[in-house]
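Student: need a structure here:
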Amino acid sequence: MRRLMAAVALLGWTCISVTVHAGEAAAKPGASEATIKALLQKKLQQAPIESVTRTPVPGIYEVFTDGQIIYVDESATFIINGNLFNIDKNANLTQESMSKFTAIKFDQLPLNLAFKKVKGKGTRKLAYFADPNCGYCKKFEQDLATIDNVTIYVFLYPVLGPDSMEISKSIWCSKDRIKAWDDQLVRNIAPTAPGTCATPIDKIVEFGKQKRINGTPTMFFADGQRIPGAIPTDQIEQRLTVASQTK
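Tutor: Alright, predicted model coming up:
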């Protein structure tokens with residue numbers, strides 16, 4: 001993101017649209033993804049263009065660069081920065097693509113750094129990064145309480161301030177981490193254990209930054225799909241089921 005904005009700022013472009021400089025070659029209408037990728041990479045030298053794909057919208061291409069998705073026209077003259085929705089299907093196409101681009105194989109998550117909650121048989125799997133002061137995480141925990149047959153890996157990810165770090169350390173150092181976590185998020189009871197034991201929190205934060213986990217909650221399902229932000233219970237159930245059937 002920073003490299004993309006730096007490249008845009010360097011050329012004097014805006015986040016909404018750009019104009020080809022005089023004398024520069026532009027892609028011809030109906031240009032291939034490879035052509036547009038090469039042209040954009042020439043213009044946005046500081047931001048690596050990782051993927052260019054045609055969208056269902058005629059003349060508009062999806063570009064994955066520097067950890068985000070932008071859209072360009074078929075002449076590679078204009079940039080659109082925002083989400084693309086399919087109204088008829090009630091689908092956020094940008095979010096769907098981001099989930100694919102940012103997926104992490106479940107066994108590549110540092111699960112040994114998380115604490116886990118097993119509900120029922122626990123055959124389905126879900127991991128998520130959460131800040132103990134995150135309001136959306138508190139709502140998410142309330143929704144998780146209604147879901148059965150799942151093993152939940154909780155990564156303490158204190159990114160909202162110093163207080164979040166202290167609470168996270170106290171939770172990890174509690175005799176019963178699950179109870180301390182549920183007390184904090186569900187019952188609004190702060191943990192009391194001294195946060196002086198050895199914790200994996202710094203390693204978790206480092207991993208999260210490397211993987212561009214920029215907010216909480218951020219979920220990962222067994223099929224590797226990443227979902228940033230809380231989602232309704234029915235969608236959690238659906239994704240858990242689909243992920244458990246994916247080999």
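Student: which residues are contacting the helix ranked longest in the chain?
Tutor: When the chain is parsed with DSSP state H, its longest helix is helix 233-245. Here helix 233-245 makes contact (Cβ atoms under 8 Å, 6 or more residues apart in numbering) with 123-126, 143-144, 146-147, 150, 221-223, 225, 227, 231. No exception for glycine: its C-beta is placed from N, CA and C like everyone else's.
Student: Export that helix to CSV, keeping only CA atoms.
Tutor: This file holds the C-alpha atoms of helix 233-245, laid out as CSV (Å, rounded to 0.1, in the frame of the first residue of the first chain):
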residue,chain,number,x,y,z
THR,A,233,-23.2,-16.5,12.2
ASP,A,234,-24.8,-18.1,9.2
GLN,A,235,-21.8,-17.1,7.0
ILE,A,236,-19.4,-18.6,9.6
GLU,A,237,-21.3,-21.8,9.5
GLN,A,238,-21.3,-21.9,5.8
ARG,A,239,-17.6,-21.2,5.5
LEU,A,240,-16.7,-23.8,8.1
THR,A,241,-18.7,-26.4,6.3
VAL,A,242,-17.2,-25.6,2.9
ALA,A,243,-13.7,-25.5,4.3
SER,A,244,-14.0,-28.8,6.0
GLN,A,245,-15.1,-30.4,2.7
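Student: How far away from the center of its chain is that helix?
Tutor: Its chain's C-alpha centre and that of helix 233-245 lie 17 Å apart, by Cα atoms, centre = their mean, to the nearest Å.
Student: Could you give me the buried positions within that helix?
Tutor: Residues 236-237, 239-240, 243-244 are the ones in helix 233-245 that count as buried (16 or more other Cβ atoms under 10 Å).
Student: Break this structure down into its domains, please.
Tutor: 2-101, 106-245 (automatic domain parsing).
Student: quick one on the thing from earlier: whichever of the contacts of helix 233-245 end up buried, select them in ChimeraX.
Tutor: In ChimeraX, a selection of the buried entries from the contacts of helix 233-245 looks like this (16+ other Cβ under 10 Å):
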select :124,125,126,143,144,147,150,221,222,223,225,227
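Student: which one of the contacts of helix 233-245 sits closest to I49?
Tutor: Closest approach to I49 among the contacts of helix 233-245 (Cβ to Cβ): Q225, at 23.5 Å.
Student: so that closest one sits right up against A103, yeah?
Tutor: Yes: contact criterion Cβ atoms under 8 Å: Q225 and A103 qualify, at 5.5 Å.
Student: give me every residue that touches F220.
Tutor: F220 neighbours (Cβ under 8 Å, 6+ apart): 104, 106, 109, 126-128, 226-227.
Student: Now do the phi/psi pair for the closest residue to F106 other than its chain neighbours.
Tutor: Among residues not flanking F106 along the chain, A222 sits closest, at 5.1 Å (Cβ to Cβ, 6 or more residues apart in numbering). In terms of degrees, to the nearest 10, the main-chain angles of A222 are phi -60, psi -20.
Student: Kindly report the same for L44.
Tutor: phi -100, psi 70.
Student: That one reaches I70, doesn't it?
Tutor: No: at 9.6 Å, L44 does not count as touching I70 under the criterion of Cβ under 8 Å.
Student: could you flag which of the contacts of F220 are buried?
Tutor: 106, 109, 126-128, 226-227.
Student: Of the domains of the chain, flag the one that's most buried.
Tutor: domain 106-245 (a mean of 17; mean count of other Cβ atoms under 10 Å).
Student: Columns pLDDT, distance to V205 and secondary structure on top of the contacts of F220, output as JSON lines?
Tutor: Listed next are those as JSON lines, based on pLDDT from 0 to 100; distance: Cβ to Cβ, whole Å; DSSP: H, G, I helix; E, B strand; the rest coil:
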{"residue": "I104", "pLDDT": "91", "distance to V205": "16", "secondary structure": "coil"}
{"residue": "F106", "pLDDT": "94", "distance to V205": "20", "secondary structure": "helix"}
{"residue": "L109", "pLDDT": "97", "distance to V205": "14", "secondary structure": "coil"}
{"residue": "L126", "pLDDT": "96", "distance to V205": "20", "secondary structure": "strand"}
{"residue": "A127", "pLDDT": "97", "distance to V205": "15", "secondary structure": "strand"}
{"residue": "Y128", "pLDDT": "95", "distance to V205": "15", "secondary structure": "strand"}
{"residue": "R226", "pLDDT": "91", "distance to V205": "17", "secondary structure": "strand"}
{"residue": "I227", "pLDDT": "90", "distance to V205": "20", "secondary structure": "strand"}
